[in-house]
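Q: below are the sequence and a predicted model; questions follow.
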Amino acid sequence: MAHVVIIGAGTGGMPCAYEMRDALDKEHLITMVSENETFDFTPSNPWVAVGWRERKDISFETRPYLEKRGINFVAHRVDKIDPAKNELTLNNNDKISYDYLVIATGPRLAFEEVEGSGPSEHSQSICSLPHAETAFKNFEELAADPGPAIVGAMPFASCFGPAYEYAFILNRELQKRKLRDQVPMTYVTSEPYIGHLGLGGVGDSQGMLESELRQHSIKWICNAKTTKIEAGKMFIDELNEDGSIKKQHELPFKHGMMLPAFKGVDAVAGVEGLCNPRGFVIVDKHQRSPKYPNIFSAGVCIAIPPVEATPVPTGAPKTGYMIESMVTAIVHNIADELTDIEPSHEATWNAICLADMGNTGAAFVAIPQIPPRNLAWFKKGKWVHLAKIGFEKYFIRKMKSGSSEPIYEKYLLKALGINRLK
């Protein structure tokens, strides 16, 4: 009998638990460990931040759905991983032993890297449901007393899609409230150009997104190194291609949502030889740690080198389709090891994304994610907005049903008219 422990009950960890349960004989134990009692559908956070969704719409108690599938659930934070003992220490000092460990924690939000940033200081975030709820309160203050708004991403950010989404969703909600003319908006990003997305661009993402920003009267600053945030003021160094300072900005704002840099969570980053210097788990092509062969990892918490060097550091995003593919590879590789078969399954690192833009949307496909590519496809239209609403409902329903079906292949590829990403 083997004990498989999965850390993290998010959009990678939950599907991993369900798929693992179906793949392994019942004699093997599966335990999910998460400091949060709920599953929160993170892609809906931009909607929460303007009041289009509430917690009850995108969040549910995790334990009953996992236990119904025969998966143990422990609601505590992991404070220490001891690979020598194959043991976790929780924040209540309980210990859990494992035979295989799957790390799907997501990132730690490194607000400390920019002075004054974060919901506890002077800027907002949509990276978690509580942060999105705080951002909505701040948005309501903006609506009551309109003034400038800033949306964007700080140095070392790696997932730029939600920043673009929020800029356009915020624009739309202000229009609906007939306040847009009182709220000058600026998009501030560490990307070298609009539409870079941490991917070196996808198709004509630069031209299309620049056009959308112009059409909605949203100014932008690229190669932007946010250096400090004070109450009502953001300090930005705009860099040249050689990294020298082109211009320094002091932008006033009433509402500022800036995505932070990501790092690895403390318990993971603290394991010698497991991670890169920023705390992301180093994995081989089988999603397995080269140093600790019984530790696997998937999702935002793994180390992927940036697509290219940029004047302001940017990271490569890990999109949902990629994460699903990583999870499936891990499940099959652990199942193989339990039957004395050498792991051979590899994730398909292709990017597929639906980005909402208020009353329209943009979809992109990058095969592979890192250029040069066999396919780079970028489209926009109201159908993307509707498809993302449908996907939200579909994903949450699948998580409650305990289904181990590949959600992205079943829904997103069908929505895009693609049979399968090769």
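A: Yep, it's here.
Q: and the helices in the stretch 151-300 of the chain?
A: 161-176, 205-215, 266-269 (DSSP state H, counting those that start in this stretch).
Q: let me have these in JSON lines, extended by distance to residue 394, mean pLDDT and mean neighbour count.
A: For glycine as for every other residue, the C-beta is placed from the backbone atoms N, C-alpha and C. Shown next, in JSON lines, are those (distance: least, CB to CB, whole Å; pLDDT from 0 to 100; neighbours: other CB atoms under 10 Å):
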{"stretch": "helix 161-176", "distance to residue 394": "18", "mean pLDDT": "98", "mean neighbour count": "23"}
{"stretch": "helix 205-215", "distance to residue 394": "25", "mean pLDDT": "96", "mean neighbour count": "17"}
{"stretch": "helix 266-269", "distance to residue 394": "30", "mean pLDDT": "98", "mean neighbour count": "19"}
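Q: do you know which of those lies nearest residue 247?
A: helix 205-215 (18.8 Å; CB to CB).
Q: now the closest one, how far from the chain's geometric center?
A: Relative to the chain's own centre, helix 205-215 is displaced by 23 Å; criterion: CA atoms, centre = their mean, to the nearest Å.
Q: what's the angle between that helix and helix 161-176?
A: 20 degrees (axes from the mean of the first three to the mean of the last three CA atoms, to 10 degrees).
Q: on contacts alone, who are the packing partners of helix 205-215?
A: Packing partners of helix 205-215 (3 or more CB pairs under 8 Å, 6 or more residues apart in numbering; DSSP states H and E): helix 161-176, strand 218-221, strand 361-367, strand 375-380.
Q: would you reformat the ones you listed as a markdown table and include distance to residue 188?
A: Formatted as a markdown table, those follow (distance: least, CB to CB, whole Å):
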| stretch | distance to residue 188 |
| --- | --- |
| helix 161-176 | 9 |
| strand 218-221 | 5 |
| strand 361-367 | 20 |
| strand 375-380 | 22 |
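Q: can you list the domains in this structure?
A: Annotated domains of the chain cover 3-108+263-347, 111-261 [automatic domain parsing].
Q: just the C-alphas of stretch 133-153, formatted as PDB.
A: Coordinates of each C-alpha in stretch 133-153 appear next as PDB, following Å, rounded to 0.1, in the frame of the first residue of the first chain:
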ATOM      1  CA  GLU A 133     -13.300  40.900  -2.400                       C
ATOM      2  CA  THR A 134     -11.100  43.600  -0.900                       C
ATOM      3  CA  ALA A 135     -10.500  45.000  -4.300                       C
ATOM      4  CA  PHE A 136     -14.300  45.200  -4.800                       C
ATOM      5  CA  LYS A 137     -14.600  47.300  -1.600                       C
ATOM      6  CA  ASN A 138     -11.900  49.600  -3.000                       C
ATOM      7  CA  PHE A 139     -13.700  49.800  -6.300                       C
ATOM      8  CA  GLU A 140     -16.900  50.800  -4.600                       C
ATOM      9  CA  GLU A 141     -14.900  53.700  -3.000                       C
ATOM     10  CA  LEU A 142     -13.700  54.600  -6.400                       C
ATOM     11  CA  ALA A 143     -17.300  54.600  -7.700                       C
ATOM     12  CA  ALA A 144     -18.300  56.900  -4.800                       C
ATOM     13  CA  ASP A 145     -15.400  59.300  -5.400                       C
ATOM     14  CA  PRO A 146     -14.100  58.800  -9.000                       C
ATOM     15  CA  GLY A 147     -10.500  59.400  -9.900                       C
ATOM     16  CA  PRO A 148      -7.600  57.800 -11.700                       C
ATOM     17  CA  ALA A 149      -7.200  54.000 -11.900                       C
ATOM     18  CA  ILE A 150      -4.100  52.000 -12.600                       C
ATOM     19  CA  VAL A 151      -4.100  48.300 -13.600                       C
ATOM     20  CA  GLY A 152      -1.100  46.100 -14.400                       C
ATOM     21  CA  ALA A 153       1.700  43.900 -13.300                       C
END
